[in-house]
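In: any chance you can model this:
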Amino acid sequence: MDAFAALADPVRRELLVELAAGPARVVDLADARPISRPAVSRHLRLLAEAGLVVAEDRGRERHYALRRDGLRPVAAYLAGLRPSPLTANALDALDTEVRRATRDRRTSSKKETA
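Out: Below you'll find the model as predicted:
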């Protein structure tokens, strides 16, 4: 499963939001939801397969943590949807304004020295 498919489910998105605050045990993640602990474990397994979370065994408990680097493909996709703040028109307008300000400065300097 890829990150996009993993994020398609609202329960998995909620789990990622909670894990963004820090690592958590499966039992704690399950207690905050109206679904069973095995269902939460299945969601976490899918998130792990997508590279979005990592599991660490600590004794008899499994702790899950967010893998922020797993979200890079999603971030790159979203960044591609945003227009660049420095479009060709914006750069042309900046160039025009710089030239105008330089010309105005030269004109005012000549008037002051005369």
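
In: what average pLDDT does the biggest helix by length in the chain get?
Out: Ranked by number of residues, the top helix in the chain under DSSP state H is helix 88-113. The predicted model assigns helix 88-113 a mean pLDDT of 81.

In: ok, now stretch 26-44?
Out: 93.

In: which outside residues touch it?
Out: For stretch 26-44, the external contacting residues (C-beta atoms under 8 Å, 6 or more residues apart in numbering) are 9, 11-12, 14-15, 18-19, 53, 55, 61-62, 64. C-beta here means a position set from N, CA and C on the backbone, and glycine is covered the same way.

In: list the residues that contact Ala55.
Out: 44, 48, 62-64.

In: can you flag the buried ones in those residues?
Out: Neighbour-count burial (16 or more other C-beta atoms under 10 Å) is assigned, among the contacts of Ala55, to 44, 48, 63-64.

In: please identify the helix or strand for the residue most central in space within the chain.
Out: Nearest to the mean C-alpha position of the chain, by C-alpha atoms, centre = their mean, lies Ala75 at 5.0 Å. Assigned by DSSP states H and E, Ala75 belongs to helix 72-81.

In: quick one on the thing from earlier: the longest helix of the chain - contacts with which helices or strands?
Out: Packed against helix 88-113 by the contact rule (3 or more C-beta pairs under 8 Å, 6 or more residues apart in numbering; DSSP states H and E) you find no helix or strand.
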